[in-house]
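Peer 1: Fold the following, please.
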Amino acid sequence: MNHHLRVRILLACLAALVVCSAPRADAAILAGTEFSVDIGGSARVLNAIGTPEYDAILMDDSCDNPHLRVRANNKPAIKVSVADTTTPGVQLSSFSLAINSDPYFFGTGDVATDNFTDFIRETMYVDDGVTILGSTLSADMKLLTVNFDGMTAGKSAIFNVDLDVVDDPSMFLYPDFRVVLFGAPVSSMADPTEPGTISGVFTDGLESLTQSTDLTQQTDVPDYFNQYLRPYHVMDAVPVNPDGVEEELSDPFKINFGTLMPDEMGMILEAAKIANNGDTGTIIDVYSYMITGPDADLFKLKNTTVQPGEDLGIQLIGNSPTEMMATFDMTFMGSGDVGMYTADLILKTSAGDVTFPIMAMVEIPEPSTVLLGACGLALLAVRRRR
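Peer 2: From the prediction side, this is the model:
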């Protein structure tokens, strides 16, 4: 149940060796090479993966304008990283991404200010010593290739791509990358579509090795995507989440009440969700909950009469339908003082504690807040040029 999607794919050295010159005795130097790919709605979040600042940056970037999120997910950031184990002298010379679903193709940005060069937008998150040499697009505009120099062991580069759709009034103009690249269905009545394919070419200057794999199929409909905007008071983390995590428990959400007026109460339905992602038939007991932190008294669970520390009596069955997950509604009781209020919802389970960070901002809105919403609406009214 990956509601916010970070895909991380490790490509082992399983592909056949492509000889570009006469075979050499030391051709095995290409063995052990691998690269990973992370795809998400924020280049800044992707750059923070694996750092102590990751959670804070994810939370910060998730407090964005819902209209701008649509555009961000339409021009996703892609982080390509070469494994530390790659042999010195071997580099990733090119990376390719193929769209395998018929209605979609790669674009070049919608307006000049999108700052695309060729078919990508380079970001500031390119490691020292790495150069993006350029990008090319196939005749059908479905296969994008990015060429590098200096992408050796431990190096990474982040860039954005633009996703387009055929000119059809029934299709949303700014398709979400989870639909285009991971085949997520667009409704509960629709089938998933074919996910994309990634590949990379390693070389030592004389020989090359090509690795490829399909992106992981997403079978659930995203909570908020395309024209289905999230409400301003609802938290929806930037789509970045580990794919194929070993833990049985689903990855927790952050709970964000957004900005509230002084003394205004707020409520989020299904603010916390938890499921058992383990094998069919496995059981995880959810024993109890507690709310801790400096402002714990201001946050309450609303859809249960069980008090903190008392037995919840919830069992999560492995690989069950999403309707069998445990969900909790939460209320912020309000405060007359301006400021940021934080706490943690902790669920005690047989698989360990699961923590949901909570935050609510109380402030007096400025007039520019209204203009921000208006600008967001205007953005979606602009139809991209052909």
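Peer 1: Going by C-alpha atoms from here, please, whenever you check contacts or count neighbours.
Peer 2: OK.
Peer 1: Now do the closest residue to Thr197 other than its chain neighbours against Asp191, distance only.
Peer 2: Distances taken as C-alpha to C-alpha, 6 or more residues apart in numbering place Asp214 nearest to Thr197, at 4.2 Å, with adjacent residues excluded. Per C-alpha to C-alpha, to the nearest Å, Asp214 is found 18 Å from Asp191.
Peer 1: which one of those two has more residues nearby?
Peer 2: It is Asp214, of Asp214 and Asp191, that has more neighbours when counted by other C-alpha atoms under 10 Å, with 17 against 14.
Peer 1: Give me the phi and psi for the more buried one.
Peer 2: Asp214 has phi and psi values of phi -80, psi 150 when expressed as degrees, to the nearest 10.
Peer 1: cool, Ala56 as well?
Peer 2: Note on Ala56: its backbone torsions stand at phi -70, psi -40 [degrees, to the nearest 10].
Peer 1: Asn73: neighbouring residues, count only.
Peer 2: 25.
Peer 1: In a helix, it, correct?
Peer 2: Yes - according to DSSP: H, G, I helix; E, B strand; the rest coil, Asn73 belongs to a helix.
Peer 1: these two touch, right, it and Val179?
Peer 2: No - here Asn73 does not reach Val179: they are 10.0 Å apart, not a contact under C-alpha atoms under 8 Å.
Peer 1: show me the contacts for the residue nearest to Thr197.
Peer 2: Counting by C-alpha atoms under 8 Å, 6 or more residues apart in numbering, Asp214 touches Pro195, Gly196, Thr197, Ile198.
Peer 1: so of the residues you listed, which ones are in strands?
Peer 2: Thr197, Ile198 (DSSP state E).
Peer 1: Neighbour count, pLDDT and distance to Thr123 added to the contacts of Asp214, as CSV?
Peer 2: Shown next, in CSV, are the contacts of Asp214 (neighbours: other C-alpha atoms under 10 Å; pLDDT from 0 to 100; distance: C-alpha to C-alpha, whole Å):
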residue, neighbour count, pLDDT, distance to Thr123
Pro195, 21, 93, 25
Gly196, 21, 93, 23
Thr197, 18, 92, 23
Ile198, 21, 92, 20
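Peer 1: closest to Asp329 among the contacts of Asp214?
Peer 2: Checking those against Asp329 by C-alpha to C-alpha gives Pro195 as the nearest, at 33.6 Å.
Peer 1: my read: that closest one touches Pro185, true?
Peer 2: No - if you go by C-alpha under 8 Å, Pro195 and Pro185 don't touch, sitting 10.8 Å apart.
Peer 1: overlap in contacts of the two?
Peer 2: Gln218.
Peer 1: the helices in the stretch 101-250 of the chain, which residues?
Peer 2: 177-180 (DSSP state H, counting those that start in this stretch).
Peer 1: Below-threshold pLDDT in it: ranges please.
Peer 2: Scanning the stretch 101-250 of the chain for pLDDT under 70 picks out 232-250.
Peer 1: tell me, how many neighbours does the closest residue to Thr193 other than its chain neighbours end up with?
Peer 2: Distances taken as C-alpha to C-alpha, 6+ apart place Gly183 nearest to Thr193, at 4.3 Å, with adjacent residues excluded. Residues lying near Gly183 (other C-alpha under 10 Å) number 25.
Peer 1: Which residues lie in contact with Phe105 in this structure?
Peer 2: Applying C-alpha under 8 Å, 6+ apart to Phe105 gives the contacts Ile99, Asp140, Met141, Lys142, Leu163, Asp164, Val165, Val166.
Peer 1: how close does Tyr62 get to Thr145?
Peer 2: That one is not Tyr; residue 62 is Ser. Counting by C-alpha to C-alpha, the gap from Ser62 to Thr145 is 30 Å.
Peer 1: can I assume Leu209 is in contact with Thr203?
Peer 2: Yes - between Leu209 and Thr203 a contact is recorded at 6.4 Å, counting by C-alpha under 8 Å.
Peer 1: List of residues touching stretch 67-78?
Peer 2: With C-alpha under 8 Å, 6+ apart, stretch 67-78 has contacts from 37-43, 46, 158-163, 174-177, 225-227, 229, 376-377, 379-380.
Peer 1: Just the buried subset of those, please.
Peer 2: The neighbour count (16 or more other C-alpha atoms under 10 Å) marks 37-43, 46, 158-163, 174-177, 225-226, 376, 380 as buried among the contacts of stretch 67-78.
Peer 1: got a list of what the residue nearest to Thr193 touches?
Peer 2: Ser101, Pro192, Thr193, Glu194, Pro195, Gly196, Gln217, Gln218, Thr219.
Peer 1: which one is the fourth one nearest to, not counting chain neighbours?
Peer 2: So that's Glu194. Gly183 (5.2 Å).
Peer 1: how about the one you found, phi and psi?
Peer 2: phi 70, psi 20.
Peer 1: Kind regards, and thank you for your time.
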